[in-house]
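J.: Here's my sequence, what's the structure:
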Amino acid sequence: MTDLATRTLGRTGVEVTTLGFGAMELRGAPRGREISDGDLGKLLNTVLDSGITFVDTSIDYGASEERIGKHISHRRNEYFLASKCGCLVGWEPSATEDRGGPHVYDRANITAGVEQSLRRLNTDHLDLLQIHMTPSKKVLEENDTIQVMKDLQKEGKIRFLGMSGTLPNITDHIAMGVFDTFQIPYSCSQREHEDAISQASAAGAGIIIRGGAARGAPSTDNERAHSRNPELKTVFEQAGLDDLLNGDTAMEFVMRFTATHPGMTTNIVGTMNPDHLKANIAAMAKGPLPADVYEEAKRRLAAAGSAPQA
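T.: Numbering: from 1, shown residues only. So this is what the prediction gives:
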């Protein structure tokens, strides 16, 4: 076990660790790195042995759901399990496509997706079903998406409703008042959603942060993120934060910065490397940054181009 803190996931009332496990890295070839079945089982059980209680996956994360179901479904009562809906059931990417694909938010596809996820994950319920790819309120209303989710909730197949959202649509999503959680991208190098996080949290929703490590700081572990978004590395370096690290590595500082946002509940970080997992746990166990360091970092980051978006 670890010294990871826990926070209440908004109106769900569920306590989860401030570090969650993002399972996209488990998607496998051809879109991801491969790992032996034995090593994969050890990794997932180590995640739980370490005390992490939040696991996030998706229909369109390749083999991720099946791998979770195979290796840790026998420990289902130890973790809060979140997956997603809207991903087109049966769609498979080509070898050159990384992720994404068509999304359909009608009853047939969402219901089929949940049933598929339950089979793959070897469970009878999802703790959280999140709408993927932040569709507009109009699309949700046209497809009666929320009612479909509520019906699944009544059937006991899901416990809570979530949105994996981004600007500009997230503003409407928050105002709808139906989502128990929001999954939102956020790091010191990508602060566009800083105010949206505060708004969603103030409305009573739990906040799940994605991209709070890999998209935050320059690191050899983050070459993939930076190859797509080279500005992330530039922002961190231009902000000149070295004198604020106070013994932290850049990655530790980034993760602690994310944890300092008062609206954050859990920060999902994915890895297939047990050493990186240990490092992530150690970073989050340090807790939030001191208030003065946090404010100064935000000031410098804003000057370097990373600031909240109105």
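J.: Can you tell me which helices and strands the helix or strand hosting N280 packs against?
T.: According to DSSP states H and E, N280 maps onto helix 274-285. Counting contacts by 3 or more CB pairs under 8 Å, 6 or more residues apart in numbering; DSSP states H and E, helix 274-285 packs against strand 19-22, helix 37-49, helix 250-260. Using the backbone N, CA and C atoms, a C-beta is placed for each residue, glycine as well.
J.: Read off the pLDDT value for E92.
T.: E92 carries a pLDDT value of 76.
J.: So it lies in a strand, does it not?
T.: No: if the criterion is DSSP: H, G, I helix; E, B strand; the rest coil, then E92 is coil and not within a strand.
J.: Which parts of stretch 269-285 count as buried, going by neighbours?
T.: Buried residues in stretch 269-285, defined by neighbour count with 16 or more other CB atoms under 10 Å: 269-272, 276-277, 279-284.
J.: between those residues, which is nearest M255?
T.: A283 (4.3 Å; CB to CB).
J.: Please tell me I have it right and the closest one contacts T258.
T.: No: A283 lies out of contact with T258 (CB atoms under 8 Å); the separation is 9.8 Å.
J.: Tell me, how many residues neighbour R299?
T.: 11 (other CB atoms under 10 Å).
J.: where do the helices sit along the stretch 151-300 of the chain?
T.: In the stretch 151-300 of the chain, the helices defined using DSSP state H, counting those that start in this stretch lie at 170-176, 194-202, 223-228, 230-239, 250-260, 274-285, 291-303.
J.: Now the last one: average pLDDT?
T.: When you say that, I think you mean helix 291-303. 98.
J.: contacts for it?
T.: 188-189, 191, 235, 239-241, 244, 246, 257, 260, 288-289, 307 (CB atoms under 8 Å, 6 or more residues apart in numbering).
J.: Restricted to strands, list these.
T.: Among these, the subset assigned to strands under DSSP state E is empty.
J.: By neighbour count, which of those wins?
T.: C188 (30 neighbours).
J.: which stretches of the stretch 51-200 of the chain have low pLDDT?
T.: Within the stretch 51-200 of the chain, the ranges that satisfy pLDDT under 70 run 95, 97-100.
J.: Mind jotting down where the strands sit in it?
T.: 54-56, 80-85, 126-131, 158-164, 181-185 (DSSP state E, counting those that start in this stretch).
J.: Thanks again, I'm all set now.
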